[in-house]
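A.B. asks: structure for the following, please:
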Amino acid sequence: MIVDVGDPEAARVAAAHGAEAIVVRGEVGDLRAVTELPILWRASGSPTEAALAGADAWLVVVEDAGEDEEWLTRQHAEAMDLGLDFVVEVRSEEQLELALERLDPEIFLLAARDALDTDALSQALELLPDIPAGKLAVADVGVSSREQVDELERAGVDAVIVETRNVAELVGDAPPQV
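C.D. replies: You can find the predicted model right below:
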């Protein structure tokens, strides 16, 4: 479980309920005072801003590159120079192919083509087979039940992003057998 948090208290609660990492969408205070969990920076801005905020990883959205495909390469180089893990968000097969061709990242965030789509889980699962072996796949699909988490894990997803309020119920008692 990777938990989307908005403040240090939410990060503390997420860690206490079994989160394995946290996501922030901007500066949220001194998270290191309340948790040692890895922090994924998912805000606009640069890898430098993420590093200054104490993040361990930085997310780039392939779609944000627009027509400037070299932008991805520049962002990747900056993140690597700062010692940040590089996470690439993809929403389609084309974006996944571009990310593999240009960057060959180790971590992919699989998101729905339309953030409001109720079939986001299926869309992420459609992309999963195209993630090369040995790469990590994180799903951001708005899971609302332990059964959905189990389905993603059985399919081979390595982590799922959830909201703070859902952590305890979605973590469950023990990891499922896969």
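
A.B. asks: what's the helix or strand where residue 49 lies packed up against?
C.D. replies: Secondary structure assigned from DSSP states H and E places residue 49 in helix 47-52. Here helix 47-52 touches strand 57-61, helix 69-81, going by 3 or more Cβ pairs under 8 Å, 6 or more residues apart in numbering; DSSP states H and E. Glycine gets a C-beta too; all of them are placed from N, C-alpha and C.

A.B. asks: just the helices in the chain please.
C.D. replies: For the chain, applying DSSP state H gives helices covering 8-16, 47-52, 69-81, 93-102, 120-127, 146-155, 167-171.

A.B. asks: closest to residue 26 out of these?
C.D. replies: Minimum separation from residue 26 across these (Cβ to Cβ) falls at helix 47-52, 9.2 Å.

A.B. asks: give the buried residues for that closest one.
C.D. replies: By neighbour count on 16 or more other Cβ atoms under 10 Å, the buried set for helix 47-52 is 47, 50, 51.

A.B. asks: go ahead and confirm the second one touches residue 84.
C.D. replies: When you say that, I think you mean residue 50. Yes: between residue 50 and residue 84 there is a contact under Cβ atoms under 8 Å: 6.2 Å.

A.B. asks: who's residue 89 bridged to?
C.D. replies: residue 61, residue 109 (DSSP bridges).

A.B. asks: do the same with residue 24
C.D. replies: residue 41.

A.B. asks: what about it, neighbour count?
C.D. replies: 23 (other Cβ atoms under 10 Å).

A.B. asks: check the offset of stretch 44-60 from the chain's centre.
C.D. replies: Here stretch 44-60 is found 13 Å from its chain centre; the criterion is Cα atoms, centre = their mean, to the nearest Å.

A.B. asks: give the residue spans of this protein that score low on pLDDT.
C.D. replies: By pLDDT under 70, the low-scoring segments of the chain are 114-118, 165-178.

A.B. asks: just give the number of residues close to residue 158.
C.D. replies: Residue 158, neighbours per other Cβ under 10 Å, totals 16.

A.B. asks: actually residue 7, sorry about that
C.D. replies: 14.

A.B. asks: re the thing from before, looking at the buried residues of helix 47-52, which one is closest to residue 57?
C.D. replies: Using Cβ to Cβ, the buried residues of helix 47-52 come closest to residue 57 at residue 50, 7.9 Å.

A.B. asks: contacting residues for that closest one?
C.D. replies: Contact partners of residue 50, counting by Cβ atoms under 8 Å, 6 or more residues apart in numbering, are 41, 43, 57, 58, 79, 82, 84.

A.B. asks: next, format these as CSV and append neighbour count.
C.D. replies: Converted to CSV, the contacts of residue 50 look like this (neighbours: other Cβ atoms under 10 Å):
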residue, neighbour count
41, 27
43, 17
57, 19
58, 28
79, 25
82, 15
84, 21
